[in-house]
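>>> Here's a sequence, model it:
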Amino acid sequence: MVIGAANGTAVGFAVGPAAEKGAMILSGLFAGTPFYFIGTSIFVMESLEAQRLHRDLLSDVIPIVSIFLIVGTILSIAQALRVRRRTASL
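Residues are numbered from 1 along each chain as shown. Predicted structure coming up:
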């Protein structure tokens, strides 16, 4: 519950105050936070489980984690460009 609140706060700050102040990098970084968190959480959980069971990391984990990190990165870049375009027009 706390993690969801933190992610919601980060995204809210990204599209609200950070965007209004023209903080392009900060706004972009926070916009992708939920996807970064989900991707790294999956990777850490699977790594710990693989270590506990003395086996290699499953081959399906890396593509799933990569998708979440790529989506987060795309959202971050899109938000940063949106803020940049908005501040350039003011």
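
>>> Would you mind listing where the protein has pLDDT under the threshold?
90 (pLDDT under 70).

>>> Now with 90, please.
Counting by pLDDT under 90, the chain has low-confidence residues at 1-31, 42-63, 82-90.

>>> now the helices: where do they sit in it?
Using DSSP state H, the helices found in the chain span residues 2-15, 17-21, 24-31, 33-52, 61-89.

>>> So which bits of the second one are buried?
Same thing as helix 17-21. Across helix 17-21, burial judged by 16 or more other Cβ atoms under 10 Å covers 18-19. Any C-beta I mention is one placed from the backbone N, CA and C, and that applies to glycine too.

>>> What is that helix packed up against?
Helix 17-21 is packed against helix 24-31, helix 61-89, with contacts defined by 3 or more Cβ pairs under 8 Å, 6 or more residues apart in numbering; DSSP states H and E.

>>> How far does the shortest one sit from its chain's centre?
In terms of Cα atoms, centre = their mean, to the nearest Å, the centre of helix 24-31 is set 10 Å apart from its chain centre.

>>> likewise the last one?
Averaged C-alpha coordinates place helix 61-89 at 8 Å from its chain's average position (Cα atoms, centre = their mean).

>>> and the angle for that helix with helix 24-31?
140 degrees (axes from the mean of the first three to the mean of the last three Cα atoms, to 10 degrees).

>>> buried set for helix 61-89?
61, 65, 68-69, 71-72, 75-76, 79-80, 82-83.

>>> want to throw the helices and strands packed on helix 17-21 into JSON lines with distance to residue 18?
Formatted as JSON lines, the helices and strands packed on helix 17-21 follow (distance: least, Cβ to Cβ, whole Å):
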{"stretch": "helix 24-31", "distance to residue 18": "4"}
{"stretch": "helix 61-89", "distance to residue 18": "8"}
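
>>> Please name whichever of those helices is nearest to residue 12.
Set against residue 12 and scored by Cβ to Cβ, the helices and strands packed on helix 17-21 come closest in helix 24-31, at 8.7 Å.

>>> Show me what the closest one is packed against.
Helix 24-31 packs on helix 2-15, helix 17-21, helix 61-89, going by 3+ Cβ pairs under 8 Å, 6+ apart.
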